[in-house]
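Asks: Pasted the sequence and its predicted model underneath.
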Amino acid sequence: MRGRTSAIRGKREMDFRKMIRRDKKRWFHADQDRDGDLTIEEFTSFLHPEESPHMRNIVIEETLEDIDIDGDGFLSLEEYIGDMFKPETEGEDEPAWVAQEREQFGLYRDRDGDGKMNSQEIGEWILPTEYDHAEAEAKHLMYETDVNKDDQLTKREILDQYDLFVGSQATDFGEALTRHDEF
């Protein structure tokens, strides 16, 4: 039993060391004035690097570290899918969304068609430069809610999908539904 405990402790120490190395690298990139300390803005970049354009490369690097199982500096289709879906039992059927993600990989993620995602392609996947979150969420809400596809939402259609609206950032997690009296 002692050997197993030592192995577990050793793995935790390695994981902890990896986290420290990762945080030091992120700290360095967030510290734009290179004084070793972080201003409020720099600390915000440290905590939320995806929100700061100058942190884009570190987010891509961290994504590669997390998902690139074979360490070749690229994401294969298997690594891409494996990050989102791992069957709990051998032979388990893949959900339909996994097939859609496989298609997304081939059509949109792997832009150069070489069967793997490079750093630039990974960046466009996780931090797209041509993406409007509010517009995408509005389109998603319309698609899911507009049952008769007339490009107008009725009170009934919204109420039928109330949980979807309450969970949406576009409605401030449902707050917008209580502030308006158009119904």
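Replies: Thanks, I have the structure now.
Asks: Wait, a strand at D150?
Replies: No. Applying DSSP: H, G, I helix; E, B strand; the rest coil, one finds D150 to be coil, outside a strand.
Asks: which stretches of this structure have low pLDDT?
Replies: Along the chain, segments meeting pLDDT under 70 span 1-14, 89-90, 166-183.
Asks: so is E121 in a helix, a strand, or just coil?
Replies: Assignment for E121 (three-state DSSP): helix.
Asks: Which residue, neighbours along the chain excluded, lies closest to it?
Replies: Nearest non-adjacent residue to E121, counting by CB to CB, 6 or more residues apart in numbering: R111, 5.5 Å away. Any C-beta I mention is one placed from the backbone N, CA and C, and that applies to glycine too.
Asks: Could you report the neighbour count for the one you found?
Replies: Residues near R111, counting by other CB atoms under 10 Å, number 13.
Asks: Spell out the residue ranges of the strands in this protein.
Replies: For the chain, applying DSSP state E gives strands covering 75-76, 116-117.
Asks: Tabulate those in a markdown table, adding columns for distance to I67.
Replies: Formatted as a markdown table, the strands of the chain follow (distance: least, CB to CB, whole Å):
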| stretch | distance to I67 |
| --- | --- |
| strand 75-76 | 6 |
| strand 116-117 | 9 |
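Asks: Any chance of JSON lines for these, columns distance to W125 and mean neighbour count?
Replies: Shown next, in JSON lines, are the strands of the chain (distance: least, CB to CB, whole Å; neighbours: other CB atoms under 10 Å):
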{"stretch": "strand 75-76", "distance to W125": "9", "mean neighbour count": "22"}
{"stretch": "strand 116-117", "distance to W125": "7", "mean neighbour count": "24"}
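Asks: In space, what's closest to S119 - neighbours in sequence excluded?
Replies: With CB to CB, 6+ apart, the residue lying closest to S119 is I60, at 5.4 Å.
Asks: Was I right to think the residue nearest to E121 contacts E124?
Replies: Yes. Contact criterion CB atoms under 8 Å: R111 and E124 qualify, at 7.3 Å.
Asks: Quick test: name the residue nearest the centre of this structure.
Replies: The centre of the chain sits closest to I126, judged by CA atoms, centre = their mean, with a distance of 5.8 Å.
Asks: Between the strands of the chain, which one is closest to D151.
Replies: Closest approach to D151 among these (CB to CB): strand 116-117, 34.7 Å.
Asks: contacting residues around the closest one?
Replies: Outside strand 116-117, the residues that touch it by CB atoms under 8 Å, 6 or more residues apart in numbering are D72, F74, L75, S76, L77, Y80, F105, R109, D110, W125.
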